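S.K.: any chance you can model this:
(chains A and B)
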Protein chains: 2
Amino acid sequence: MNIKKQFYSVCLMAMVTVSANASDKKVKWKMATTWGSAAVPIITASNNVAKYVEQMSGGEFTIRIDSANKTKAPMGVFDMVKQGQYQVGHTTSYFWKGKDINLLPFTTMPFGMTAPERMAWFEFGGGMELMTRAYEKYGILSFLGGNTGNQMGGWFQKEIKTLEDLKGLRMRIPGFAGEIMSKLGVAVTNIPPGELYTSLDRGTIDALEWVGPGMDIKMGFHKVAPYYYTGWHEPGAEAQFMVNKKAFDKLSDKNQNILKNAMRLASYRMYIEFYHMNALAWEQIKKDYPHIKVKTFPTEIMDSLKSINQELIEKYSTKSELFKEIVESQKVYMKKSRAWTKISDLDYIQDK
Amino acid sequence: MNIKKQFYSVCLMAMVTVSANASDKKVKWKMATTWGSAAVPIITASNNVAKYVEQMSGGEFTIRIDSANKTKAPMGVFDMVKQGQYQVGHTTSYFWKGKDINLLPFTTMPFGMTAPERMAWFEFGGGMELMTRAYEKYGILSFLGGNTGNQMGGWFQKEIKTLEDLKGLRMRIPGFAGEIMSKLGVAVTNIPPGELYTSLDRGTIDALEWVGPGMDIKMGFHKVAPYYYTGWHEPGAEAQFMVNKKAFDKLSDKNQNILKNAMRLASYRMYIEFYHMNALAWEQIKKDYPHIKVKTFPTEIMDSLKSINQELIEKYSTKSELFKEIVESQKVYMKKSRAWTKISDLDYIQDK
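M.R.: From the prediction side, this is the model:
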C-alpha cells in the first residue's frame, strides 16, 4: 500500500467512524396501546407521542405504535411494559386495580376532581410523586396520558326516578363505578364493545355507559336509547403513559427530555381534542335526534351513590396505607381547587 | 509539502469540517417578554420554553429570556419581534388592538369562551388559522402562549348594587373591558402596577381588576378591599408567543418542531399552573381574611355590560371584514362548546 492510499484509508476510517457514531445513536422503541387503531382521540395521543419524538429528534428516536388490533392484548399493556417487551404503553391506571388497589385512584374517582383540577393535582399538588411511588416496585415510570374530560353517566332506555328503578336494571358499567352500581341492585354486565349497540337495541341490556358524545356517537347508542344521563363516576379520567424504567434509564438526557415532553404535550392536547369532539358530536346528536333527553340522577340516587362510594374508599383505605394517603391527598386538593372552580368557571357559566 | 503531510492535511480538513458543521448548528435566540421577572406563572411559561428547547436540542438551540425588567419596553414586544431584534416574544394579542383591531379577539372577549373552550377553538375550531392570517402582514407567526383561566372582576371598596353605583366610580380596568365600563359612567383610570395597592388603600381609586387570586395575592389587594367580584370580561385570557417569521424559516425542521412543541407545552402547562396557584391563593385569602365577600354583579348591570359589549363588537365589525369573521367564528364555536360545558362540568359541579 503506498503512502497515499494508506492515508486515504485512515482518513476514510475516521470519516466512517464519525458517521457510524451518528447511526449508533438511533433509538427504536415500541409502544403498546390498550386502544384500537380507530379509538380517536385517545389513539391520536399515542400517535402524537411518536410524531413529536421523531420530529424533535430529527429521526434519531422513533417509536412504533402497536394498537390493540395488533397486540390482541389490550389488558396486557402493564405486563408487556413491566417485562420490557414494549418500552412504553398507553393505557390507564385503574385497569390495574386487580393487581394493586393503589393504582386505582390515578385515573379518576366517582365524585372526584374535574380535568383541570386533576391535572393541577398531578403536576403541582403532589399527584405525580404519589404515582411514581405506587409504580416504583414494578420498575415502571408512570406519566400523564391525556384526560377525557367529564364523562357522561350513560344511555338509558327508561327514565330513572327512584332507587327502585335501579333494582335489576341490566347495565354495562365496568370498574369501580360498576361495583358501586351493583350495590344498588344493578345487574352489572360485561359485554364486548362490538356487541354493545345490538345489546342495547335488542333489550339484552337496559343501559350502558361509554365515554361522552365524541366517542359515543360512533357507537350509535343515541339511535336506540332516548335518555342521556350526566356524569358522576368519571369526572376527569386521566389516561396513562407507562415506561419501562430500565429502558428509560438507557436513553440519553436529550432523548429522555424529548420523550417526557412529547408525552406531556400529547396528554394536554388530548384533553382539548376531547373537548372539541364532544362539542361537535353533542351538537350533531341534538340536531339529528331532538327527542333525546339529558337527565341527572335524582338527589336520592346521587346520595346513595356517594355514600357507597365513601364506604368502598374506606374499605380499601384500611387495606393499604398508600391508598389512604392517595385518596386523602386528592380529597384535600379537591376541596381547595373546587372552591376556586366555583367562583370562577361555575359562577361565570351559571349566571351569564 | 510532501504527500504524507498533504493527505494528513486533507484528512484534518475533512474532520474539521464535520466538527465545524456541528458547531455551526448552534442556534442562539432571544425572547422579549411583556412580563417582569417576578410575574409567576406567566414568566414561568416564558422560561419553560427556553428550558424545553435547550433540553430537547441537547444544548444546540438556546433562548435567552429578557423580561420587561431588562428591555424596559413591555409594550415594545410586537415591534421588537417584527423588526427582528428579538426572534421571539411572550406577550398577549389584545395589547395590539391600537395597531390593528383584528388582533384584539385572540386573547379573550367579555362574555366569551372559557379556557378549554378557547383552546379547543384555537386548536381544532379554526382559531389558529384566523390568527395566522391576522399576523401574516407583519411577518409574525403567532402561537398559543398560555391561558390564565377565568379572571376575577376585581376588588371593590363598596358593594355594587345598581347601575347608579357605577357612575363616577374610579376604577383601574384597562383595554376593551375598560371601554365597556366607561360607557356605564365608570371613570376608568390607568395607574402603574407598582402604585395600585396604595391607590386602592388611600382611596385614589375605588376599585381595580388584576388577574385572579394567584396573582392578586402578591399585590395585597385583599388587605384593603372587602369585595371580590366574579369575572365577566376575561373568561379565559390566552397569552401569545410571537415569532419573527424570517428567523423561524431559517431554523432546521428539527428546531422548528422543537420550538413549536416547547411553546405549546409551556402554554398548556401555564393554564394548569394558574389553576393551582388560584386554588392555593384563594384558600389562603379566605383563611386569613374571612370577611371578604365574593359578589357577582346583579343582572341589571350584567345585561348592560352585555349589550354595550355587543354594540362595540358590531362597531368594530363594520370597520374590518376580518374582525367580523373572527368574532363570528368565536360565536359559532362558543355556542357548541358551551352546550357541552353545560351538560358536563357545569352539571357535575352544580349538583354534586
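S.K.: can we go C-alpha only for contacts and neighbour counts from here?
M.R.: OK.
S.K.: wasn't A:Lys330 part of a strand?
M.R.: Quick fix: residue A:330 reads Gln, not Lys. No - applying DSSP: H, G, I helix; E, B strand; the rest coil, one finds A:Gln330 to be helix, outside a strand.
S.K.: for A:Leu251, give me phi and psi.
M.R.: phi -70, psi 150 (degrees, to the nearest 10).
S.K.: show me what contacts it?
M.R.: A:Leu251 makes no contacts at all, as judged by C-alpha atoms under 8 Å, 6 or more residues apart in numbering or on different chains.
S.K.: check the gap between it and chain B for me.
M.R.: 13 Å (C-alpha to the nearest C-alpha, to the nearest Å).
S.K.: could I get the pLDDT score of that residue?
M.R.: For A:Leu251, the pLDDT comes out at 98.
S.K.: same question, A:Pro193
M.R.: The predicted local confidence for A:Pro193 is 89.
S.K.: again, but for the one 4 residues further on
M.R.: Predicted confidence (pLDDT) for A:Tyr197: 97.
S.K.: show the contacting residues for it.
M.R.: A:Met219, A:Gly220, A:Phe221, A:Val224.
S.K.: does stretch A:136-144 come close to chain B?
M.R.: No - Stretch A:136-144 is not in contact with chain B by C-alpha under 8 Å from any C-alpha of the partner chain; minimum separation 12.3 Å.
S.K.: I'd guessed A:Gly145 sits against A:Ala237; true?
M.R.: No - counting by C-alpha atoms under 8 Å, A:Gly145 sits too far from A:Ala237 to count as a contact (9.8 Å).
S.K.: any of the contacts of A:Tyr197 buried? List them.
M.R.: Taking 16 or more other C-alpha atoms under 10 Å in any protein chain shown as the criterion, what is buried in those is A:Phe221, A:Val224.
S.K.: for the contacts of A:Tyr197, could you give me CSV that also reports secondary structure, pLDDT and distance to B:Thr189?
M.R.: Listed next are these as CSV, based on DSSP: H, G, I helix; E, B strand; the rest coil; pLDDT from 0 to 100; distance: C-alpha to C-alpha, whole Å:
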residue, secondary structure, pLDDT, distance to B:Thr189
A:Met219, helix, 97, 56
A:Gly220, coil, 97, 56
A:Phe221, helix, 98, 56
A:Val224, coil, 98, 59
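S.K.: of the contacts of A:Tyr197, closest to chain B?
M.R.: Using C-alpha to the nearest C-alpha, A:Phe221 is the member of those that sits closest to chain B, with 17.5 Å.
S.K.: and for that closest one, nearest residue in space, chain neighbours not counted?
M.R.: A:Tyr197 (6.1 Å; C-alpha to C-alpha, 6 or more residues apart in numbering or on different chains).
S.K.: next one: the one you found from chain B, what distance?
M.R.: A:Tyr197 is 23 Å from chain B, by C-alpha to the nearest C-alpha.
S.K.: secondary structure element holding that residue?
M.R.: helix A:193-202 (DSSP states H and E).
S.K.: in that helix, what's buried?
M.R.: A:Leu196, A:Tyr197, A:Ser199, A:Leu200, A:Asp201.
S.K.: list the contacts for the third one?
M.R.: Contacts of A:Ser199 were listed using C-alpha under 8 Å, 6+ apart, and they are A:Ile205.
S.K.: measure it to A:Glu209 for me?
M.R.: 13 Å (C-alpha to C-alpha, to the nearest Å).
S.K.: returning to what we had before: what touches both of A:Gly145 and A:Ala237?
M.R.: With C-alpha under 8 Å, 6+ apart as the test, A:Gly145 and A:Ala237 reach no residue in common.
S.K.: got any ranges where the stretch 101-250 of chain A has weak pLDDT?
M.R.: Nowhere does the stretch 101-250 of chain A drop to pLDDT under 70.
S.K.: can you map out the helices along it?
M.R.: Listed in chain order, the helices of the stretch 101-250 of chain A (DSSP state H, counting those that start in this stretch) span A:115-124, A:127-136, A:175-183, A:193-202, A:213-219, A:245-250.
S.K.: which of these is buried the deepest?
M.R.: helix A:115-124 (a mean of 23; mean count of other C-alpha atoms under 10 Å in any protein chain shown).
S.K.: residues making contact with that helix?
M.R.: Under C-alpha under 8 Å, 6+ apart, the answer for helix A:115-124 is A:127-128, A:147-150, A:235-238, A:271, A:330, A:333-334, A:337-338, B:272-273, B:275-276.
S.K.: again with stretch A:31-40
M.R.: Taking C-alpha under 8 Å, 6+ apart as the rule, stretch A:31-40 contacts A:42-43, A:46, A:63-69, A:71, A:73-77, A:86-91, A:215.
S.K.: so what's the most centrally placed residue in chain A up against?
M.R.: Residue closest to the mean C-alpha point of chain A, counted by C-alpha atoms, centre = their mean, is A:Ala239 at 2.0 Å. Neighbour list for A:Ala239: A:His90, A:Thr91, A:Thr92, A:Ser93, A:Thr107, A:Leu144, A:Gly145, A:Gly146, A:Asn147, A:Thr148 [criterion: C-alpha under 8 Å, 6+ apart].
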